[in-house]
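Engineer: Give me a 3D structure for the following:
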Amino acid sequence: MKVQYVVGLAMLTGVAIGAVAIEGLHAQGKLKAYTITETETLDATAQAEFAKAATAAQQPAGGHPLRTGGGKIVQIDGAAPPKRVILTEWDSLDQAVAFYKSKAWTDLAPLRDKATKVIRRYAVETTN
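Structural biologist: Prediction:
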């Protein structure tokens with residue numbers, strides 16, 4: 001009877017390990033996405049406040065800001081670069097789009113409109 005318990009426990013352990021491995025493989029198969037926002041600052045004080053509020057709203061929604069909001073932008077080719085670029089990493093394109101259609105983002109509109117002028121915002125999905 002003791003052998004039956006050992007075999008049963010070994011089978012359950014194998015199933016659990018297999019489930020964890022499959023979940024890990026599924027997570028690896030998801031394509032990340034990035035949102036790119038090109039803006040001009042209208043009010044520096046409001047911009048600082050908006051940046052904190054936007055980051056606080058993005059993180060629970062799965063967004064990972066890449067701290068480019070105040071970084072130096074250098075033109076390499078094409079038209080003149082924007083004055084400010086914000087990059088955010090998302091676990092999927094659907095997650096990014098859902099955030100920008102969410103109540104959390106909509107509620108930030110008054111502060112956002114005071115702080116920045118959005119030139120362009122778009123999302124890009126990575127490929128395998």
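
Engineer: Identify the residues contacting the helix or strand harbouring W105?
Structural biologist: If you go by DSSP states H and E, W105 is part of helix 103-106. Helix 103-106 has contacts (C-beta atoms under 8 Å, 6 or more residues apart in numbering) with A57, P60, A61, F99. Any C-beta I mention is one placed from the backbone N, CA and C, and that applies to glycine too.

Engineer: what helices or strands is the helix or strand just after it leaning on?
Structural biologist: Of the helices and strands lying after helix 103-106 in sequence (DSSP H and E), the nearest is helix 109-115. Applying 3 or more C-beta pairs under 8 Å, 6 or more residues apart in numbering; DSSP states H and E, one finds that helix 109-115 makes contact with helix 44-58.

Engineer: Narrow the contacts of helix 103-106 to those that are buried.
Structural biologist: Among these, those buried by neighbour count (16 or more other C-beta atoms under 10 Å) are A57, A61, F99.

Engineer: Redo those as TSV? Include pLDDT and distance to A109.
Structural biologist: TSV is the format used below for these (pLDDT from 0 to 100; distance: C-beta to C-beta, whole Å):
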residue	pLDDT	distance to A109
A57	96	12
A61	94	16
F99	96	14
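
Engineer: for L87, what are its contacts?
Structural biologist: Y34, T35, I36, T37, P65, L66, T68.

Engineer: Please identify which helix or strand holds it.
Structural biologist: strand 84-90.

Engineer: re the thing from before, average model confidence for the helix holding W105?
Structural biologist: Mean per-residue pLDDT for helix 103-106: 96.

Engineer: Which residues belonging to that helix are considered buried?
Structural biologist: W105.

Engineer: picking that back up, tell me the strands beside the strand holding L87, with direction?
Structural biologist: The strands beside strand 84-90 in its sheet (DSSP bridges) come out as strand 33-41 (antiparallel), strand 64-65 (antiparallel).

Engineer: hey, which of those is tucked in deepest?
Structural biologist: strand 33-41 (a mean of 18; mean count of other C-beta atoms under 10 Å).
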